[in-house]
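Undergrad: model the following, please.
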Amino acid sequence: MTRTALVVGAGQGMGRAVAQRLAASGTHVHLAGRTKDHLEAVAAEIRSTGGRCAVLPLDATSREQVRTAVGLIGPRLDIVVHTVGRSLMRSFDETSEQDWADTISANLSSAFHVAQATLPLLRASDNPSLVLMTSKTALKGYPVVAYSAAKAGVLGMARALAVELAPERIRVVPICPGPTDTPMRWEATPEMDPDLVINVENLAATVEYLVNLDRGVSVDALLVQSASYD
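TA: Residues are numbered from 1 along each chain as shown. Below is the predicted model of the structure:
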């Protein structure tokens, strides 16, 4: 039976790499994200090598849009990967209430919407996996308070959900990447030393490994980063 996956944030960066990796292994991948042109470009790349995919434009901060899109997928999902995020490189004093709300919505609320909407479909799988991308900022304090709080929220949600769903043997894994070669990374910190940044393929390979574990095998938060980064 062909596995089915939903990758949210598939238009670029981590999500694009994950979607391509899963499709290359024979998984039918649903590509979700805000920018349809980006999703269509990824879909064309996947189809050019014989992969199977579908495009689902959505804004993951909207509960209604997520639920509508998930309703188009079908009765089962084997893999759900949430890679959506928004960085905010501002000090605590400079962070407005709107900055705070937008950052929490883009990172944490979007993960909540995706997890809740897809859970019924994951329950129909023989080996379900829910992977939530968070950040090293969830594990170690950095002077980006809103972003750190949002990513720590994703980590906490994933760990709590893993415990809640353990009796059903639904694997929930948070991945905490260090600096990664994505458009968001270079927009936020263009001056960063490239030697401290990992390629997105490392995260795609990590996801592929996780979703191929036997059912009932649990994995706690994974920190994936350059060996040179502290």
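Undergrad: select the longest helix from the chain.
TA: Ordering each helix of the chain by length in residues (DSSP state H) puts helix 145-165 first.
Undergrad: and it, which residues are buried?
TA: Neighbour-count burial for helix 145-165, counted by 16 or more other C-beta atoms under 10 Å, picks out 145-155, 157-159, 161-162, 165. Where C-beta positions appear, they are placed from N, C-alpha and C, glycine not excepted.
Undergrad: where does pLDDT dip in the protein?
TA: Where the chain drops to pLDDT under 70, the residues are 180, 184-186, 188-189, 192.
Undergrad: please enumerate the strands of it.
TA: 4-8, 28-33, 53-57, 79-82, 129-133, 171-177, 222-224 (DSSP state E).
Undergrad: and those strands: which comes nearest residue 216?
TA: strand 171-177 (8.2 Å; C-beta to C-beta).
Undergrad: tell me where this protein has helices.
TA: For the chain, applying DSSP H gives helices covering 13-24, 36-48, 63-70, 97-104, 110-122, 145-165, 183-188, 200-211.
Undergrad: could I get the ones you listed as TSV with distance to residue 133?
TA: Listed next are the helices of the chain as TSV, based on distance: least, C-beta to C-beta, whole Å:
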stretch	distance to residue 133
helix 13-24	6
helix 36-48	17
helix 63-70	16
helix 97-104	15
helix 110-122	9
helix 145-165	8
helix 183-188	11
helix 200-211	8
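Undergrad: my guess is residue 105 contacts residue 62. True?
TA: No. Using C-beta atoms under 8 Å as the test, residue 105 is too far from residue 62 to be in contact (9.5 Å).
Undergrad: against residue 27, how distant is residue 182?
TA: 22 Å (C-beta to C-beta, to the nearest Å).
Undergrad: most remote residue from the middle of the chain, which is it?
TA: Of all residues in the chain, residue 93 has its C-alpha farthest from the mean position, at 29.1 Å, by C-alpha atoms, centre = their mean.
Undergrad: any idea how far that residue is from residue 100?
TA: Separation of residue 93 from residue 100 (C-beta to C-beta): 13 Å.
Undergrad: among the helices of the chain, which is the most enclosed?
TA: helix 13-24 (a mean of 25; mean count of other C-beta atoms under 10 Å).
Undergrad: using CSV, write out every CA atom in it.
TA: The C-alpha atoms that make up helix 13-24 are tabulated as CSV, following Å, rounded to 0.1, in the frame of the first residue of the first chain:
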residue,chain,number,x,y,z
GLY,A,13,13.3,25.3,2.9
MET,A,14,12.8,22.3,5.2
GLY,A,15,9.4,21.4,4.0
ARG,A,16,10.5,21.3,0.3
ALA,A,17,13.4,19.0,1.2
VAL,A,18,11.2,16.7,3.3
ALA,A,19,8.5,16.5,0.6
GLN,A,20,11.1,15.6,-2.1
ARG,A,21,12.7,13.0,0.1
LEU,A,22,9.4,11.3,1.0
ALA,A,23,8.2,11.4,-2.6
ALA,A,24,11.5,9.8,-3.8
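Undergrad: compute the inter-axis angle for it and strand 129-133.
TA: Interaxial angle, helix 13-24 versus strand 129-133 (axes from the mean of the first three to the mean of the last three C-alpha atoms, to 10 degrees): 150 degrees.
Undergrad: for helix 13-24, packing partners?
TA: With contacts defined as 3 or more C-beta pairs under 8 Å, 6 or more residues apart in numbering; DSSP states H and E, the packing partners of helix 13-24 are strand 4-8, strand 28-33, helix 36-48, strand 79-82, helix 200-211.
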